[in-house]
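Peer 1: dropping a prediction and its sequence here:
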Amino acid sequence: MTDTTSDTPANPAADRARASELSAAGRFLKATELDTRMLGMVGALLIIWIGLHVISSLRLGVNPLDFDSRTFLTPRNLWNLSVQTSAVAIMASGMVLVIVMRNIDLSVGSAEGLIGMVMGFAQVHFLVRMVGLELGNPWIWVLALAIGLALGLLIGAFQGFVIAYLEVPAFIVTLGGLLVWRGAAWWVTSGQTVAPLDATFQLMGGGPAGSIGARWSWVVGIVACLAVVFALFNGRVQRKRFRFPLRPIWAETLLGAVTCAVIMGAVWLANSYPWPVGIVNRYAAANNITVPEGGLFIAHGIAIPVLMAVAVGLIMTFITKRTRFGRYVFAIGGNPEAANLAGINTRWITMKVFMIMGVLATIAAAISSARQNSSTNALGTLDELLVIAAAVIGGTSLAGGSGTVLGAMLGALLMQSLQSGMVLLGVDSPLQSIVVGAVLVIAVWLDTIYRKRV
Amino acid sequence: MADKNAPAGVPLVDMRNISIAFGGIRAVDDASIDLFPGEVVALLGHNGAGKSTLIKILSGAYKRDVGQIFVNGEEAPISNPRDAKKYGIETIYQTLALADNVDAAANLFLGRELMTAWGTLDDVAMEAEARKVMGRLNPRFQRFKEPVIKLSGGQRQSVAIARAILFNARILIMDEPTAALGPQETAQVGELVRQLKADGIGIFLISHDIHDVFELADRVCVMKNGQVVGTARTGDVTQDEVLGMIILGKCPPGAFPGPGALKIAA
């Protein structure tokens, strides 16, 4: 499109003429209304996955097409990758809103650490010793999480208030928060690690118990596919009602089919990863199941933290696309003065965005501490940088006004893929940092070129 | 305001003795101005004369230090843009004040979105409304899906104008509405002003183009150094006399002098 800024009257005939000039790929993109940027990210992710798979296979001297259990593209590795990505992906979805509004939040890692410590202290000491709940009481995890959520909301509200109403730049406020919350995390137990956590709370960290098993995974997959089909159908009905241009039927069908295939493929993958032998045998012994020849196959299914991340992603996407609040966040990012003149209460919106960030930091803290089965005051160290990098790789513009939740979550997955892939390849940790840093800069550079051309 | 030039009846807007200072500089100094239904009042003056500031006080973008605003004869305590919109005051800013990253429909409804029964944004309904109002203003406009930053200057201007008239404004403020437009689009805006005027809407027009002003406005109000030099019916003064008011602050016999008029020793 060379003439997007031209002032000439766009007569429909010329539009049609232009459309027919598009290449096959152009026509395909126009028909499906797919975002080329998002496609680029998915492409980059696939290249990284396949690349890591081939390299890890060659290192072992096996054929990449054999999908050896020690290589990258295996159910076990991808399942672990999904669990490792959850916490950062959840926070990245909120960081999108923060950055879209031309702010930044450097404090999320430290806030995560403090909230994790407080939730750990609450379930192991406070609720048991001081409130007097019995160990294993089903209310413990609920109360601990509620305390964490309240604290996250409070931290976000406090920082948001100072940024929006006292007009201290977000960079400074959250830089202060980075130090303050990390210091406070140490103070909760004078640096002592809190462990072990409540058994139910631990489920949020994944693992064999913290996964929903094969049957429920299929149910989730089928429900998700039905929802996709319904959403496409409903969108079409809505557009028909107002006689807006419609996507061709083949494009709708293709979109639905590909999305459902991806969902069911992910479920199949999660269901292909069995419980470790030791846990299976213990489980069998406890439930009087005789282990057949060759071992008992019990699938993990989708991990609970992954389900939480998907739920957060859906909710945050809904908030950004379908609510007045989300619309205002983007409008403020595009032109704060215009938003203010349109009568939008920009300060209150800013404060709310930081409150959401605080809540998401709590969810991330729950997942990370549950996964380690302990709270330490180092929990979430440097996560703020991973979260910001994920959002930026995912196409969130630091100039404000643009970004998507899905992009940021894909960005988190991309970074985690690189990192765990390098661990798999036995790359030294200093070199890992170098690669991740270089990838961040290159990704943003490519994005800059992309934005100039479109 | 005891302006003998003003039409009879209750004014739509009556701003009395308005002052505002920014760090010691009196941007607007004891200015009074009024506007009647179906009337176009042009505000003229050099850059920095205080016209935009005065009008931003009416639209709620600035809060006045001193003075009163009456809408339909009743005092209107306007202290932010939301208040102004409540009184049916809509503004087309010189900068257009569009959120560049969202599409035309989102801009038209910014701050007043249409919602579905579920409390979510009704984008489809908003786009339908946008197509209707844009069809009236700029029938060739088709780029409803693109962020407004990708539109041409004229198209952006029509989005800004459409936003102001979409909500049945009673009082319309147009700050340099034709600054970014070509001759054809300028003529379109002129046509629109006449149409709105016929609907009984009162319009404040800020412009540098004195020719435009004499074509569209019923009265002119000239400001200099934050003060009102004078107001006059466009029929009672010549373009040269108005230029004299703008440049020298000299109030001609056909105009009603304000506090900023040049005092000539008798």
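Peer 2: Noted; the coordinates are in hand.
Peer 1: quick one, what contacts residue 108?
Peer 2: Reading this off chain A. Counting by CB atoms under 8 Å, 6 or more residues apart in numbering or on different chains, A:Val108 touches A:Met91, A:Met95, A:Met357, A:Ala361, A:Ala364, A:Gly380, A:Asp383, A:Glu384, A:Val387. (Each C-beta comes from the backbone N, C-alpha and C, glycine too.)
Peer 1: think we crossed wires, I meant chain B
Peer 2: B:Met126, B:Glu129, B:Ala130, B:Val133, B:Val159, B:Ala162, B:Arg163, B:Leu166.
Peer 1: one step back: closest one to chain B out of the contacts of A:Val108, please.
Peer 2: A:Met95 (17.8 Å; CB to the nearest CB).
Peer 1: that closest one - nearest residue in space that isn't next to it in sequence?
Peer 2: A:Ala391 (4.3 Å; CB to CB, 6 or more residues apart in numbering or on different chains).
Peer 1: check the gap between that neighbour and chain B for me.
Peer 2: As judged by CB to the nearest CB, to the nearest Å, A:Ala391 and chain B stand 16 Å apart.
Peer 1: that residue - that's part of a helix, no?
Peer 2: Yes. Remark: A:Ala391 belongs to a helix, assigned using DSSP: H, G, I helix; E, B strand; the rest coil.
Peer 1: give me the pLDDT for it.
Peer 2: As predicted, A:Ala391 sits at a pLDDT of 95.
Peer 1: which residues touch A:Thr381?
Peer 2: Contacts of A:Thr381 (CB under 8 Å, 6+ apart): A:Gly109, A:Gly113, A:Arg182.
Peer 1: okay if I get these as CSV plus neighbour count, distance to B:Glu90 and pLDDT?
Peer 2: Formatted as CSV, these follow (neighbours: other CB atoms under 10 Å in any protein chain shown; distance: CB to CB, whole Å; pLDDT from 0 to 100):
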residue, neighbour count, distance to B:Glu90, pLDDT
A:Gly109, 28, 46, 97
A:Gly113, 29, 49, 97
A:Arg182, 22, 49, 96
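Peer 1: residue ranges with poor pLDDT in the chain?
Peer 2: No chain specified, so I'll use chain A. The model of chain A has pLDDT under 70 over residues A:1-22, A:454.
Peer 1: hmm, I had chain B in mind actually
Peer 2: Using pLDDT under 70, chain B drops low at B:1-8, B:264-266.
Peer 1: which bits of it sit near chain A?
Peer 2: Counting by CB under 8 Å from any CB of the partner chain, chain B comes close to chain A at B:59, B:61, B:80-82, B:85, B:91, B:93, B:95-102, B:106, B:110-113, B:115, B:119-121, B:124-125, B:127-128, B:140, B:142-143, B:146-147, B:150, B:152-155, B:182.
Peer 1: in strands, which of the residues you listed appear?
Peer 2: Judged by DSSP state E, the subset of the residues of chain B next to chain A located in strands is B:Thr91.
Peer 1: for PyMOL, write a command that selects the buried ones of the residues of chain B next to chain A.
Peer 2: This is how PyMOL selects the buried members of the residues of chain B next to chain A, with burial counted by 16 or more other CB atoms under 10 Å in any protein chain shown:
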select buried, chain B and resi 59+61+80+81+85+91+93+96+97+98+99+100+101+102+106+110+111+113+121+124+125+127+128+142+143+147+150+152+154+155
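Peer 1: wait, the residue nearest to A:Met95 sits on A:Val100?
Peer 2: No. A:Ala391 lies out of contact with A:Val100 (CB atoms under 8 Å); the separation is 9.2 Å.
Peer 1: out of the contacts of B:Leu108, who's nearest chain A?
Peer 2: Nearest to chain A among those, with distances taken as CB to the nearest CB, is B:Arg163, at 8.4 Å.
Peer 1: my read: that closest one touches B:Gly111, true?
Peer 2: No. Look at B:Arg163 against B:Gly111 with CB under 8 Å: they stay out of range, at 9.5 Å.
Peer 1: ok, back up a step: please pick the buried ones from the contacts of B:Leu108.
Peer 2: B:Met126, B:Glu129, B:Ala130, B:Val133, B:Val159, B:Ala162, B:Arg163, B:Leu166.
Peer 1: any idea which of the residues you listed is closest to A:Gln416?
Peer 2: A:Gln416 has its nearest neighbour among those in B:Met126, at 38.2 Å by CB to CB.
Peer 1: show me what the biggest helix by length in chain A is packed up against.
Peer 2: Ordering each helix of chain A by length in residues (DSSP state H) puts helix A:213-241 first. Packing partners of helix A:213-241 (3 or more CB pairs under 8 Å, 6 or more residues apart in numbering or on different chains; DSSP states H and E): helix A:249-271, helix B:123-137.
Peer 1: and with 6 Å instead?
Peer 2: helix A:249-271 (3 or more CB pairs under 6 Å, 6 or more residues apart in numbering or on different chains; DSSP states H and E).
Peer 1: that older thread, between the longest helix of chain A and helix B:123-137, how many degrees?
Peer 2: Per axes from the mean of the first three to the mean of the last three CA atoms, to 10 degrees, the angle that helix A:213-241 makes with helix B:123-137 is 20 degrees.
Peer 1: buried residues in helix A:213-241?
Peer 2: A:Gly213, A:Ala214, A:Ser217, A:Trp218, A:Val220, A:Gly221, A:Ala224, A:Cys225, A:Val228, A:Leu232.
Peer 1: equivalent analysis for stretch A:33-46, please.
Peer 2: Result for stretch A:33-46 [16+ other CB under 10 Å]: buried residues A:Leu34, A:Arg37, A:Met41, A:Ala44, A:Leu45.
Peer 1: ok, for the last one, nearest residue in space, not its chain neighbours?
Peer 2: Spelled out, it's A:Leu45. A:Leu414 (5.2 Å).
Peer 1: check the third one too.
Peer 2: Closest residue to A:Met41 apart from its sequence neighbours, by CB to CB, 6+ apart: A:Leu410 at 5.1 Å.
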